[in-house]
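> Sharing a model that was predicted from the sequence below.
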Amino acid sequence: FKKTKDFSIFLLRHSSLLDALVNTPSFSLKFRLWKHSGILKLSQFFNRLGFSFSEIKNSWVRLKPKVKEYFKRHIVKHAKYFGVNVTKMNSFTKIFNSLNIYETDKFYKVSNIDFVFLAKSMFDLIINKKINLVKTSYWKIYDIISDLKAIKYGIRNAKKSQNFVNKMGRIIISKKTYINEIFFRYSFLQNLSNINLTHTTLRNLSFYLMLAFYQKFQQKKAFFVIMQLKNQSIITGSFFNNEECKKIKEKLILDKNIVIENSDCNNSKTLILILNKGQEADL
């Protein structure tokens, strides 16, 4: 292990500069990347940093050391200029021997913050039965910290999930495929049965859209994402107010036909509901 400094940027060491910032909610929401003007603003941000297009598209591990050091020294200041708060924090990395001859680093580095993202990703896969429960248990998640293959798998899945959230969020906003009610907004996801979406990915999407519409309209409304499958529907909701979340949860919990999963009204202010075909939820 080695002491280091880390930033509140999504999986920076395992992405390109462009992908890392696009997948960081504070950047994508502040720049409004669902709009053409937002893309231009992000381009202006990189121009201010003095980076070329090839540099921002290149993966972090392939960048020259001087480019990385310049980014680390100046990212907080330049982000603040654009109204984005990037936090610099004490961290540590676990170092593995790298087998990739194309990487400028001789070692594969994973920070404790990276591990939080990949561990959440692996937990989510287990809960939603996307990976073999016979071979994997909750406690074996701790073994990941020593298993480079599992680490890379978790990081790939975390990136894939966040990419979906950003892409689908931009589509829903730009194409206006949502419905605006008095106290909340919602959107249907259809024709996605061939995509293995987990509950956490859907919850992150509803949370992203809730914040995005707040940026757009300055109205604090809950947002629900409804994914319709062949035999059931999954509803994920995100709230600004935990009391509003608890009120709806208490109302729905009386209905024995509705399954409430992974609800957390106190911290993340989210609900996940599962309805079998033909059922309805009165929100």
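Structure's in. What do you need? Numbers count the residues shown, from 1 in each chain.
> For the rest of this, base every contact and every neighbour count on C-alpha atoms.
Fine.
> Can you name the residues that contact the closest residue to residue 58 other than its chain neighbours?
In this structure, residue 58 finds its nearest non-sequential neighbour in residue 16, 5.3 Å apart by Cα to Cα, 6 or more residues apart in numbering. Contact analysis of residue 16 by Cα atoms under 8 Å, 6 or more residues apart in numbering lists 56, 57, 58, 59, 60.
> now, which of those residues sits nearest residue 172?
Checking the contacts of residue 16 against residue 172 by Cα to Cα gives residue 57 as the nearest, at 25.6 Å.
> Give me the distance between the closest one and residue 17.
Remark: distance between residue 57 and residue 17 (Cα to Cα, to the nearest Å) = 7 Å.
> Neighbour count for those two, which is higher?
More neighbours surround residue 17 than the other of residue 57 and residue 17, with 24 against 14 (other Cα atoms under 10 Å).
> What segments of the chain are strands?
Ranges of strands in the chain, per DSSP state E, are 2-7, 88-97, 107-111, 179-180, 184-189, 222-228, 232-238, 259-264, 270-276.
> The shortest one: how far from the chain's middle?
Using Cα atoms, centre = their mean, to the nearest Å, the mean C-alpha position of strand 179-180 is found 23 Å from that of the whole chain.
> Run through the neighbouring helices and strands of it.
The contact analysis (3 or more Cα pairs under 8 Å, 6 or more residues apart in numbering; DSSP states H and E) places strand 179-180 against strand 184-189.
> and the strand it packs on, what other elements does it pack with?
Under the contact criterion of 3+ Cα pairs under 8 Å, 6+ apart, strand 184-189 touches strand 179-180, strand 222-228.
> Which residues in that strand does the neighbour count mark as buried?
184, 185, 186, 187, 189 (16 or more other Cα atoms under 10 Å).
> Quick check: closest non-adjacent residue to the fourth one.
Setting aside the residues directly before and after it, residue 187 is nearest to residue 178 in space (Cα to Cα, 6+ apart), at 4.4 Å.
> and if you look at the last one?
Of all residues beyond its chain neighbours, the one nearest residue 189 is residue 227 (4.7 Å), with distances taken as Cα to Cα, 6+ apart.
> Okay, and the beta partners of the one you found?
Beta-bridge partners of residue 227, counted by DSSP bridges, are residue 189, residue 234.
> Phi first, then psi, for residue 82.
Its backbone dihedrals place residue 82 at phi -90, psi 10, with angles given as degrees, to the nearest 10.
> Looking at it now. What's its pLDDT?
pLDDT recorded at residue 82 is 94.
> dump the residue contacts of it.
For residue 82, the contact set (Cα under 8 Å, 6+ apart) comprises residue 45.
> ditto for residue 23
Applying Cα under 8 Å, 6+ apart to residue 23 gives the contacts 10, 162, 163, 166.
> Kindly state the pLDDT recorded for it?
pLDDT, residue 23: 94.
> wouldn't the residue nearest to residue 189 be in contact with residue 198 here?
No - with contacts defined as Cα atoms under 8 Å, residue 227 does not count as touching residue 198, sitting 10.9 Å away.
> what's the longest helix in the chain?
When the chain is parsed with DSSP state H, its longest helix is helix 148-174.
> Which elements pack onto that one?
When contacts are defined as 3+ Cα pairs under 8 Å, 6+ apart, helix 148-174 packs onto helix 112-127, helix 199-217.
> Swap in 10 Å and give it another go.
For helix 148-174, the elements it packs on are helix 17-22, helix 25-30, strand 88-97, strand 107-111, helix 112-127, strand 184-189, helix 199-217, judged by 3 or more Cα pairs under 10 Å, 6 or more residues apart in numbering; DSSP states H and E.
> Turn the ones you listed into JSON lines, including distance to residue 269.
Below are the helices and strands packed on helix 148-174 laid out as JSON lines (distance: least, Cα to Cα, whole Å):
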{"stretch": "helix 17-22", "distance to residue 269": "24"}
{"stretch": "helix 25-30", "distance to residue 269": "17"}
{"stretch": "strand 88-97", "distance to residue 269": "26"}
{"stretch": "strand 107-111", "distance to residue 269": "27"}
{"stretch": "helix 112-127", "distance to residue 269": "17"}
{"stretch": "strand 184-189", "distance to residue 269": "14"}
{"stretch": "helix 199-217", "distance to residue 269": "9"}
